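> Coordinates only, no sequence provided:
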């Protein structure tokens, strides 16, 4: 039997090393339905799929950004950092979509995090902005936007970063998300949108026109459909304490926030979803210790070295 006959057939499409730094991601994404859909649809519209994926980034403004009324601040921040909005659309983060978006990272999530995410991500629609930097960068636009966005850890955020500007609430209430690498941009657009909506976004981005006005119009619609909410911790704790008192579930006056939540859950008391998330994401573990994500992104320096290697021009 020849080696050719023994070789395992490919499970998916080839993924360019210019799409991601990681060989494992190229292998898994090549067989991933969402990446295949995004890549295939874009390939029907342009011969430069890889170039498109490098030049564009996506910003997801989550439901917490909507209820906190921080969408305009994010739009202004993008403009100040030299990113032009070239497409915009509303999305709904369902239970299935949440797991699809973070499929290769949610092995880190605790049961508490999954429970809390289900309470708020479906409470309001979200906004997806497809953006392009005004000038060519030496790394993909998604990598640069992710760097400028700031980390998940609120204590590690710094002035100038988008997450610092929008509010340092908690690990879970971070208001925005960005795809890490070019491959993630194509995959996540396919998670969010069906063929028709995705083609509209791709065509809008290929046209390259400024869609800031459209983004702001969608912002107004999102605000009109949702009530504003404060995401501050201490007032939410007091509202939880009041909710327990109304239901006769007494706790010591000095009971901590975690005990308040656990008491309410033990007695089956319905709590305000946002208050539950605001408090729970501060006092409950969000990340499983000792685990690493199945797939991860890569920082700008890693991408520079990767591009030098791929292009045969080592530093």
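Everything's here; your move. Here the structure is a predicted model, which means the values were calculated and not measured. Residues are numbered from 1 along each chain as shown.
> Every contact and neighbour count from this point should use C-alpha atoms.
Will do.
> So, low pLDDT: which residues of the stretch 201-315 of the chain?
Along the stretch 201-315 of the chain, the parts satisfying pLDDT under 70 run over 313-315.
> Apply 80 and report the result again.
Counting by pLDDT under 80, the ranges of the stretch 201-315 of the chain that qualify are 250-254, 312-315.
> need the helices for it, in chain order.
Ranges of helices within the stretch 201-315 of the chain are 212-225, 233-246, 257-266, 273-283, 300-311, based on DSSP state H, counting those that start in this stretch.
> Buried ones in the last one, by neighbour count?
Spelled out, that is helix 300-311. Using 16 or more other CA atoms under 10 Å as the test for burial, helix 300-311 gives 300, 303-304, 306-307.
> In CSV, list the residues you listed along with distance to residue 72.
As requested, these are arranged in CSV below (distance: CA to CA, whole Å):
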residue, distance to residue 72
300, 27
303, 31
304, 32
306, 35
307, 35
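> for these, which one is nearest residue 184?
Of all the buried residues of helix 300-311, residue 303 has the smallest distance to residue 184: 14.4 Å, by CA to CA.
> pLDDT on stretch 18-35, on average?
Taken as a whole, stretch 18-35 has an average pLDDT of 96.
> Just the residues contacting that stretch, thanks.
For stretch 18-35, contacts defined as CA atoms under 8 Å, 6 or more residues apart in numbering pick out 11-17, 36, 50, 53-54, 181-184, 186-188, 190-191, 295, 297-298, 302-303, 306-307, 310.
> In which helix or strand does residue 89 reside?
Assigned by DSSP states H and E, residue 89 falls within strand 83-91.
> Listing partners with orientation, what would you give for that strand?
The sheet places strand 83-91 alongside strand 126-133 (antiparallel), with pairing taken from DSSP bridges.
> Beyond the strand it pairs with, next helix or strand please.
Moving toward the C-terminus from strand 126-133, the first helix or strand encountered (DSSP H and E) is helix 141-149.
> now for that following helix, which elements pack on it?
Taking 3 or more CA pairs under 8 Å, 6 or more residues apart in numbering; DSSP states H and E as the contact definition, the neighbouring helices and strands of helix 141-149 are helix 49-55, strand 57-61, helix 162-166, helix 182-192, helix 300-311.
> quick one: which of these is nearest residue 155?
Taking CA to CA as the measure, those were each checked against residue 155, and helix 162-166 came out nearest at 9.4 Å.
> Next, the buried residues of the closest one.
Residues of helix 162-166 classed as buried: 162-166 (neighbour count, 16+ other CA under 10 Å).
> name the helices or strands packed onto it?
Taking 3+ CA pairs under 8 Å, 6+ apart as contact, the helices and strands that helix 162-166 lies on are helix 71-80, helix 141-149.
> angle of the shortest one against strand 83-91?
In other words, helix 141-149. 90 degrees (axes from the mean of the first three to the mean of the last three CA atoms, to 10 degrees).
> And the average pLDDT for helix 141-149 is what?
What helix 141-149 shows for mean pLDDT is 98.
> Tell me which residues of it come out buried.
Of the residues in helix 141-149, those buried under the neighbour-count criterion (16+ other CA under 10 Å) are 141-149.
> picking up where we left off before, looking at the helices of the stretch 201-315 of the chain, which is closest to residue 99?
Distances from residue 99 to each of those were compared using CA to CA; the shortest belongs to helix 273-283, at 18.0 Å.
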